[in-house]
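> Take a look and give me a structure for this.
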Amino acid sequence: NKRSDLFKIGKFGIGFNSVFHVTDLPSIVSGEWLCFMDPQKEIWRGEPGHKYKLTSNKPENSLFSPFRFESSCSLEFSQNYPGTLIRFPLRSNPSYLSNKLYSTSELKGLLSALKADAPILLLFLRYIERVEVFTIETNGAVSKTFSVEGDQSTKIARRKLKDNFLAEVKQYLSVSHNIIP
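Just a heads-up that it's a prediction; the model follows:
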C-alpha cells in the first residue's frame, strides 16, 4: 500500500495527475491494454475513460490512429506491447481541467528541460529504463524528439544510489525522529 509506505513514489497520488496541465485525454499502452482517461467524460458518454485489450479488439476508431505510426513504439493490435507508452495529446481549447494552452515555444522549452533532466530522472524512477519522446505533427508526420536510455552501468549505479539514499533516510528517521519505517 503506497499510502502507508513512507518511501513509495506516488504516495500522495498527485504525480500522474500533473499530466492534466497539458492534456485532457491521456492514454497509456502497457502489455495487453490500451487505456484512455477522460475525466471530463466527453468521449465515452459519461464514462471517465475506456480500456481496450490489444489482442481482442480490432479498433478502427480515429482515437487509435496516433498509435499506428512507423517507429519503435508503433502498436500491433494483435499482440501485447512490450513496454509502456504514454501519450499526451496537447490541449487545443480551454477545458474544465485547465485553461492553459501551450504555445509551440513553451512546449519546446518543456521538452528541452525534460531532455536535460532525463538522465538524472532515470536514476530515481525504479521501473523506467528508457524515455523516448515523439512528436506527431498535425499532418501526421512523426519524428523522434529525443531518446535517453541508461546503460547497464547506469542501471547498476541507479540501484545502488537508490538503496543508499533509502538507507540514509531510514537511518535519519529512526535516529532523529524515532520513526522506523
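
> what about residue 67, how many neighbours?
Neighbour count for residue 67, taken as other C-beta atoms under 10 Å: 20. Bear in mind the C-beta positions are built from the backbone N, C-alpha and C, glycine included.

> Give me the mean pLDDT for stretch 35-52.
The average pLDDT within stretch 35-52 is 90.

> buried set for that stretch?
Judged by neighbour count (16 or more other C-beta atoms under 10 Å), stretch 35-52 contains these buried residues: 36, 37, 38, 43, 52.

> try stretch 92-106
Neighbour-count burial for stretch 92-106, counted by 16+ other C-beta under 10 Å, picks out 95, 97, 102.

> Inside strands: which ones of the buried residues of stretch 35-52?
Mapping the buried residues of stretch 35-52 onto strands (DSSP state E) picks out 36, 37, 52.

> ok, the residues you listed vs residue 83, which is closest?
Closest approach between those and residue 83, by C-beta to C-beta: residue 52, at 17.1 Å.

> Who is the residue lying closest to that closest one once chain neighbours are set aside paired with across the strands?
Once flanking residues are discounted, residue 52 sits nearest to residue 34: 4.7 Å by C-beta to C-beta, 6 or more residues apart in numbering. With DSSP bridges as the criterion, residue 34 is bridged to residue 29, residue 52.

> Check what pLDDT the residue positioned nearest the centre of the chain gets.
In the chain, the residue lying closest to the centroid (C-alpha atoms, centre = their mean) is residue 86, at 4.8 Å. The per-residue pLDDT reported for residue 86 equals 86.

> what does the helix or strand containing it contact?
Using DSSP states H and E, residue 86 sits within strand 81-87. Under the contact criterion C-beta atoms under 8 Å, 6 or more residues apart in numbering, strand 81-87 has outside partners 19, 26-32, 54, 66-67, 73, 75.

> That concludes my questions; thank you for your assistance.
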